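Undergrad: just to be clear, the model below is a prediction. Sequence and coordinates:
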Amino acid sequence: MATHKITVTVNGAARAADVESRLLLVHLLRESFRLTGTHIGCDTTHCGACTVLLDGQPVKSCTVLAVQADGREVSTVEGLERDGKLHPVQEGFWEKHGLQCGYCTPGMLMTGCALLARTKEPSEQDIREAISGNLCRCTGYVNIVQAIQYAAAKLRER
Amino acid sequence: MAPKTSAQVCGMGHSMKRKEDPRFIRGRGNYVDDIQLPGMLHMDIVRSPFAHAKLKSINADKALKVPGVLAVITGETLAKYNLHWMPTLMSDTQMVLPTEKVMYQAQEVAAVIATDRYTAADGVEAVEVDYDPLPVVIDPFQALQPGAPVLRTDKKDKKDNRIFHWEAGDRAATDQAFAQADVMVKQDMYIPRIHVASIETCGCVADFDRVTEKLTVYMTTQAPHAIRTVFALVAGHVGLSEEKIRIVSPDIGGGFGGKVPVYPGYVIAVAASVVIGKPVKWVEDRMENLQADSFARDYHIHAELAAKKDGTMTALKIKTLADHGYTDAAANPSKFPAGLFSICTGSYDLKRAFAEVDGVYTNKPPGGIAYRCSFRVTEAAHCIERITDVLAQELKMDPAELRMKNFIPKEKFPYKSALGWEYDSGDYAAALQKAMDKIGYAELRKEQAEKRARGELMGIGISSFTEIVGAGPSKQFDILGIKMFDSAEIRVHPTGKVIARFGTKSQGQGHETTYAQIVAEELGIPAAHVQVEEGDTDTAPYGLGTYASRSTPTAGAAGAMAARKIREKAKKIAAHLLECAEDDLVWETGKFSVKGSPQRSKTIQDIALAAYTNHPQGMEAGLEAVSYYDPPNLTFPFGSYICVVDIDRGTGMVKIRRFVAVDDCGNIINPMIVDGQIHGGLAMGMAPALLEEISYDEDGNVQGGSFMDYLVPTAMETPAWELDKTVTPSPHHPLGAKGVGESATVGAPPAIANAVVDALAHLGVRHVDIPITPEKVWKILKEKGAAE
C-alpha cells in the first residue's frame, strides 16, 4: 500500500510521520504519536470518544484519515493543560463530578472547548445539543452539562 | 446527615472531589488499549456469519501469506492443548474456538496474530471458512417443543434444550391463596435482550515471559482474582500456575457486568502469547462487542397477582422462560441460576408467593447477567411494579394508594419475605411520600384529568422498588465454589500516611475516593493521605470483584473492619506512649486521649511513627491489618421513582417531562458520587425502557449489532433527573451503608413503562412491553383510534 509523508501540528508541536493511505487520524495520534488520551469507542462514528479539534473544529478522529490532517493543526486533550494550569473545562469536570470511568471524557472535553470557543453563555439546551455526538454510559449527562456551565462562567470571568 | 469528620479529614458524608480525576481529565488514564509493550503483536478474530452451522473447513493459506501475519489459530490448534472448550462461571461449558460447529452469529471461529492491527484485520479478511448451515433455534418456546433440534450435541445424552429449572416459595399454598382471592390479574411481559455497551469495549494484553514463565494479563475485568484462579484451573495442565499468573485490571472504561465473563478472545490471546512468547493485544471493536459479548435480560415472564377487594395483595405467582443463548455463561452465584429473581415480591407484604424460572438454550450469544441488573433484580422489579399497576387499574385504585396500602411497614424490619430473604431495613412509605411531594402528585393528577378531557396523552408512573445487593454471605453465595467475601488490606506508614488495597475493582464508581473516605472516617487520617489500590492480583488481597452493587457492602465493610483492627493496636501503642492503661483512653477522630486529662493525647500520626520507632517491647512493629469480610446478610437499598410523560399522538414519541428519584442507600459515603451513580443508572434505565433492543430474525441474524440500530441515549434524549434521599441505615453493615450502583437501573424502567400505560389506560391499554418505541405507541394509538 502507498505511504505518504505527512506533517501534523499536534498541540502546537510539528510531528512528522510516514503513513498508509488508510491510517485513521485516531490511530496516528494514539499509536504513532503515543497520545493515548483520545479514545476509540465504536466503529460507526457514533460515540465521539475520539473527538479532537482539527483547525479548531471538533471532528471524530476515527472518521478522518491521517493524510487529511497533513499540514493542519490538531488539538487533543493532552494539550489542554498549559504550564501546569488546568483548562477551565478540565476544572469544571473535576469540580462537578462530570466523569466516572473517564473513557468518554477526553471527547467531551474537546467538544466542550469547541462549544465555549463559539458560545460564551451556552444554555443547557445548547450544551446538550453540542455534546449530542458524545455518548456517555456512566454519568447520565447531568453533571457534564454542569461542568461545561462551570467552565463557561470561569472563561467569562477572565 | 452531617459528616462527623472535618473537611480536612473528609470521612463519610463529604462530597470529596475524586482522587482518580486528575489523570482522566488530562487524558492520562491507563486503559487496556493504551498499553504498548515491546514486541507486542495484535490479534483479530474471524467470526461466523451463521447462527448455527457445521464447520467444514478453515483455510488459512491466503491469510498466512499477508505480510505481517504470523499465525492463524483455530479450534484444532487449541484442541491439542485441550483448551478449545472451557467451563463457564455457571459450571456449563463454552467453546473457545469451535472444532465441530458454530452456535451463534458472530461466534469466534479463528484468530489471526499479526504485527499491527491493520494487518491483523487484513488477515481476518483472507481466512476462508466453509460452513454447512444447520436449522436455527431462535424462539425459546420453540426450543422446548418436542422435536426441536437439540443444540448442545456436545453434551452426551442431552435430548433437549433445557438448562435448568429453578423455583422458590410454596406452590401449593400460593395456589390456594389464588383460589380464595377476590381479585386476580395476570400479565405476560417480555423483557428483551439488551447490551450494556460501555464506551470502552473488552480486550486484553496477554504477556507470557518465557524466562520467568510468568503470565501477565492486562484485562478489562471486573473480577481479576477470580479470573486468575479460573486461568490456573483451566490451563494448569499446560503449565500455568497460579503464583505465576498476574491479572491486572488497569483503568476500565465502564463495566456494568459486561466485563465479568471470560470471553474466548481473552483465552485465545493468552494461548497465543504462551505459544509465541510475545505480548499479544486483543481489543474488540464495537460491532463485535454488541454482537458477541454477554447480553442482558431476555426474560419471558408470566405473572399473576391475587388480592382482596380492598386492594390488599395476597399472593404472587410467576413463571419465567429465560433465554440464555447457546450456553449458560451468566455470572450468577452458583446456587442461584436465576440470580436474585426471588426478590420479586418487592416492597410489598406478600404472605404467599411462588416463582419458577426455566433456562433454555438458543442459537444466540450467551450471557444474561450484565447491564447493571443486580443479578436479575431488574427483571424482578419490572415484573412486580408492572403487575402492581395492572392490579391498580383492575381495582380502579390510584397506584400510589395501592402501594401505600401494601408496603411492608417500617416496624416489620428485619422482614422475612415469602421467598426467603431477610430484608435488613426499609421505610418504603416515607420514600414514596417524599417523591409524591417533590413532584406534586395531586396537582399532576388534576392536570392529567384536564388534559385527558382535551384528548392529550399524559401519564404518571410510579416504581417503588426494593433492591438486594452485597453478595454475599458465605453460607449461600459462591462463584465456581469461591465464597463471595471481600477484602481490605491497610498499612499505615511511619509518617502517618496510608496504603489501602481491596479485592474489588472500580470501573468508574470512584473507589479511590470513597474507600479513602472510609479509612478517614475510622482512623481520622485525612482521605487525601490514603492511597487506594485495586486490580493487581499480585498485590491486592483476594476478592470477588465489583458488580451487582457489592463493593460498599462487602469491601467497604472490610475496609472499616481492617481500620478498626488498626485502631485496636493503635490504642495499645497510645497506652504505651501515654504510660496509662488502655481502659483509660478515649478515642475521638484521629486521636486517643486520657479520660479526664484531654491535654494528654496522642494523634494517630504520633502513634504511626511510634509503631516503627518506639513500639512496646513484646509487640510486633508496624501498623496494618487485613480483613476478609463475610457479610452476615445482603443489604436492601430501596426507593420510589415517579415519572411524568407526554405522548405525541402524531408520532407515538414518548417524552419524559419530569423524573423524580428518591433513593435510600443507607448511610452515604460521598453524596456527590452517590448522585452520580443514580444519574447514570437512570439513563441506563431509560434506555431499555424507550430505546434499546437486540433481536434476531428467524435465521439468527442479529438486529441491533451496531450503534446505527442500537440506540444508546445521548444528552438530547436524557432528561434532567431530580434526586432526593431518605436515609435508613443497614443495621448489620459496619458503616450502615447499603450500596447504590444499580438501584436506578432497577427502579427506572417500570416507572417509565407505568407512566406510558397510565397515559393510555383510558383507551383500554393495560401493558406495553419495553422498549416503548414510537412505533409501538403509534400502532396502539392507531388501533384505539387515538392517533393523529
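TA: In hand now; what should we look at?
Undergrad: use CA for all of it now, contacts and neighbours both
TA: Noted.
Undergrad: ok, residue 83 - how many residues close by?
TA: I went with chain A, as the question did not name one. A:D83 has 6 neighbours, counted by other CA atoms under 10 Å in any protein chain shown.
Undergrad: the chain in question should be chain B.
TA: Neighbour count of B:L83, defined by other CA under 10 Å: 21.
Undergrad: and if you look at A:K120?
TA: 14.
Undergrad: so the nearest residue to it once chain neighbours are set aside is in which element?
TA: Nearest non-adjacent residue to A:K120, counting by CA to CA, 6 or more residues apart in numbering or on different chains: A:A152, 6.3 Å away. Element membership for A:A152 (DSSP states H and E) is helix A:142-157.
Undergrad: which elements pack onto that helix?
TA: helix A:88-95, helix A:124-130 (3 or more CA pairs under 8 Å, 6 or more residues apart in numbering or on different chains; DSSP states H and E).
Undergrad: got a list of contacts for the helix or strand just after the first one?
TA: Just to be clear, that refers to helix A:88-95. Remark: after helix A:88-95, the chain's next helix or strand is helix A:105-118, criterion DSSP H and E. Outside helix A:105-118, the residues within contact range by CA atoms under 8 Å, 6 or more residues apart in numbering or on different chains are A:37-39, A:48-53, A:56-58, A:76-77, A:89-90, A:99, A:122, A:127, A:130-131, A:134, A:148, A:152, B:24-27.
Undergrad: now the buried members of those residues.
TA: Buried by 16 or more other CA atoms under 10 Å in any protein chain shown: A:37-39, A:48-53, A:57-58, A:76-77, A:89-90, A:99, A:122, A:127, A:130-131, A:134, A:148, A:152, B:24-27, out of these.
Undergrad: among the contacts of helix A:105-118, which lie within strands?
TA: Mapping the contacts of helix A:105-118 onto strands (DSSP state E) picks out A:51-53, A:57-58.
Undergrad: pick out the most distant pair among those.
TA: Within those, A:T51 and A:Q57 form the most distant pair, 9.7 Å apart (CA to CA).
Undergrad: quick one: whatever helix or strand B:K62 lives in to chain centroid distance?
TA: Secondary structure from DSSP H and E places B:K62 in helix B:61-65. Centroid displacement of helix B:61-65 relative to its chain, using CA atoms, centre = their mean, to the nearest Å, is 42 Å.
Undergrad: circling back to that earlier point, show the contacting residues for the residue nearest to A:K120.
TA: Contacts of A:A152 (CA under 8 Å, 6+ apart): A:88-89, A:116, A:120-122.
Undergrad: let's see it at 7 Å
TA: By CA atoms under 7 Å, 6 or more residues apart in numbering or on different chains, the residues touching A:A152 are A:116, A:120-121.
Undergrad: B:G368 too?
TA: Residues near B:G368 by CA under 7 Å, 6+ apart: B:294-297, B:324, B:330.
Undergrad: per-domain residue ranges of the chain.
TA: In the absence of a named chain, this looks at chain A. A:3-79, A:88-157 (automatic domain parsing).
Undergrad: should've been chain B
TA: Using automatic domain parsing, the domain parsing of chain B gives B:21-28+B:486-629, B:32-134+B:202-283, B:295-471+B:633-783.
Undergrad: a markdown table for these, including mean pLDDT?
TA: Listed next are the domains of chain B as a markdown table, based on pLDDT from 0 to 100:
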| stretch | mean pLDDT |
| --- | --- |
| domain B:21-28+B:486-629 | 98 |
| domain B:32-134+B:202-283 | 97 |
| domain B:295-471+B:633-783 | 97 |
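Undergrad: for B:G254, give its distance to chain A.
TA: In this view, B:G254 and chain A are 6 Å apart by CA to the nearest CA, to the nearest Å.
Undergrad: burial measure for that residue, as a count.
TA: Count around B:G254 with other CA under 10 Å applied: 29.
Undergrad: over to B:V390?
TA: Other residues near B:V390 number 25, with proximity taken as other CA under 10 Å.
Undergrad: skipping adjacent residues, who's closest to it in space?
TA: B:R766 (6.3 Å).
Undergrad: separation between that neighbour and B:K158?
TA: Going from B:R766 to B:K158 by CA to CA, to the nearest Å gives 40 Å.
Undergrad: these two: who's more crowded?
TA: Neighbours were tallied for B:R766 and for B:K158 using other CA under 10 Å; the higher tally belongs to B:R766 (20 against 12).
Undergrad: over to that one: give its phi and psi.
TA: phi -110, psi -30 (degrees, to the nearest 10).
Undergrad: which residue does the stretch 601-750 of chain B bring closest to chain A?
TA: Residue of the stretch 601-750 of chain B nearest chain A, by CA to the nearest CA: B:G680 (4.0 Å).
Undergrad: any idea how many residues pack against that residue?
TA: For B:G680, the neighbour count with other CA under 10 Å is 25.
Undergrad: need the three-state assignment for it.
TA: helix (DSSP: H, G, I helix; E, B strand; the rest coil).
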